[in-house]
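**Q** Following is a predicted model, sequence given first.
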Amino acid sequence: MNTEQTYTELFHQTKEMINSHSAEMLNALRDKAIADFARNGFPAKDAEEYKYTDIPALFAPEYGMNLNRLNIPVNPYEVFHCDVPNLSTSLYFLVNDSFVSQLNARRLPDGVFAGSLKDFCDEQPEVAAKYYGKLAKTEKDGVVAFNTAFAQDGFVLYVPKGVVIEKPVQLVNILRGDVDWMANRRLLIIVEENAQAKLLSCDHTMDANINFLATQVTEIFVGENALFDFYELEENELNTKRIASTFVDQQAGSNVMVNGITLNNGLTRNNYFVTLNGPHCESHLCGMAIVDKQQRVDNHTFIDHAAPHCMSNELFKYVLNDQSVGAFSGRILVREGSQKTEAYQTNRNICATREAKMYTKPQLEIYADDVKCSHGATVGQLDENALFYMRARGIDEKEARMLLMFAFMSDVIENIRLDALKDRLKVLVEKRFRHELNKCTSCNICN
């Protein structure tokens, strides 16, 4: 019996248990999801879009899953004190893939929902049915199908029309287990027309000796003239594998920032799918990865310009050390009729050792004739002339290398539209390059 058959059989054996601990809206999509998964399986390694990440191998080991929703013995507030200085946030927690409902964040504006996906589906089923599963198509990706079949809870941020959340919302994802563990979580973000919000999502692993596999599917709906920022900060242990797919739907006049930052990990595969569905959308998609040892980061992006008069700007940067591996595949599609499009894609990479490897594949498809588009990628080493210049002025080689790598990453950090987070990341990135940052040193998880 192969891995897909094992999980398909597990689903059918535990379907009643899964459904009894979830919401009807989530349960309604499970049968189709598992059928799509059984038919298509996990993406094969020889598939072009997954050639640098062996997805079936990640799921082959035996993992525990909390399908019966047993209480995980951890109080996040006792182990996590990691607010970014000067960034006052509304703080929420997911432990593995369960929302910690007994903890209360500060009050949000009337009409805003921030909390459990299961609770949101029960309390506002009409809104949930309108959005949940509409972007993440189970027939297109085996991991999305798998997640849809097994996910029982997650996090929702719902911002009604015209509502502005002044302070950022922070979601902390904590992985905790006594045996090798799998978490399947969902994020649903709905920012209706003329609304504004910012969400910071942080990933942390509590147990360094346990193998974790986390799947995450995020659906983001941004209405007309709305503004939304989504920042992801990954600070996991070497024993953690993370497969995340983020889907963004933008309506006319909306403005979206998505910025994914990997400071520590084991293996990470991020998929980003952004569709500009109305005129005058503005989209910023950024990411950075700092990896060493045998760490791996694989980012795949697709920006779909489906309407005219839109702008997208994409920037991804990697610094790879030791025997680490990085991959980037970025595709921009400008559809017929999407005139006056501006689309820019840049991927820049430094391999600090000869053993580090970087694979990059920028792609640009244009079916309109009145556009401004560019794309490019580079893979190189630190500038030896700049290194010599700094050493000639009394800076030792190790410090000079750190300063050059930090400067290389600075434009990704500058794209962050939260000043307090930007300042904090400058500190974390510098510590990472100095090998002083195993994880965020201001939280008890990391000490």
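**A** Happy to help now that I have it.
**Q** use CA for all of it now, contacts and neighbours both
**A** Noted.
**Q** which residues are contacting stretch 266-277?
**A** 53, 236-252, 283, 294-307, 310 (CA atoms under 8 Å, 6 or more residues apart in numbering).
**Q** can you tell me which residues contact residue 265?
**A** Per CA under 8 Å, 6+ apart, neighbours of residue 265: 234, 235, 236, 237, 238, 239, 240, 241, 291, 295, 296.
**Q** Just list the residues touching residue 309, thanks.
**A** Contact analysis of residue 309 by CA under 8 Å, 6+ apart lists 279, 280, 281, 338, 339, 340, 341, 342.
**Q** could the contacts of residue 265 go into a markdown table alongside secondary structure and distance to residue 48?
**A** What follows is those, written out as a markdown table (DSSP: H, G, I helix; E, B strand; the rest coil; distance: CA to CA, whole Å):
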| residue | secondary structure | distance to residue 48 |
| --- | --- | --- |
| 234 | strand | 26 |
| 235 | strand | 28 |
| 236 | coil | 27 |
| 237 | coil | 28 |
| 238 | coil | 26 |
| 239 | coil | 26 |
| 240 | strand | 24 |
| 241 | strand | 21 |
| 291 | strand | 23 |
| 295 | coil | 21 |
| 296 | strand | 18 |
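**Q** show me what contacts residue 44?
**A** Residue 44 neighbours (CA under 8 Å, 6+ apart): 50, 51, 54, 55, 56.
**Q** helix, strand or coil for it?
**A** Following DSSP: H, G, I helix; E, B strand; the rest coil, we place residue 44 in the coil state.
**Q** Can you give me the separation between it and residue 286?
**A** Going from residue 44 to residue 286 by CA to CA, to the nearest Å gives 27 Å.
**Q** Need phi/psi at the residue in the chain sticking out farthest from the centre.
**A** The outermost residue of the chain relative to its centre, with distances by CA atoms, centre = their mean, is residue 392 at 41.3 Å. Dihedral angles of residue 392 (phi, psi; degrees, to the nearest 10) stand at phi -70, psi -20.
**Q** Wait, a strand at residue 368?
**A** No. Using three-state DSSP, the assignment for residue 368 is coil, not a strand.
**Q** Name the nearest residue to it, sequence neighbours excluded.
**A** residue 336 (5.0 Å; CA to CA, 6 or more residues apart in numbering).
**Q** Make sure that neighbour is actually in contact with residue 371.
**A** No. With contact defined as CA atoms under 8 Å, residue 336 does not reach residue 371; the gap is 11.1 Å.
**Q** closest to residue 314 among the contacts of residue 309?
**A** Top of the list for closeness to residue 314, among the contacts of residue 309 and by CA to CA, is residue 342 at 11.2 Å.
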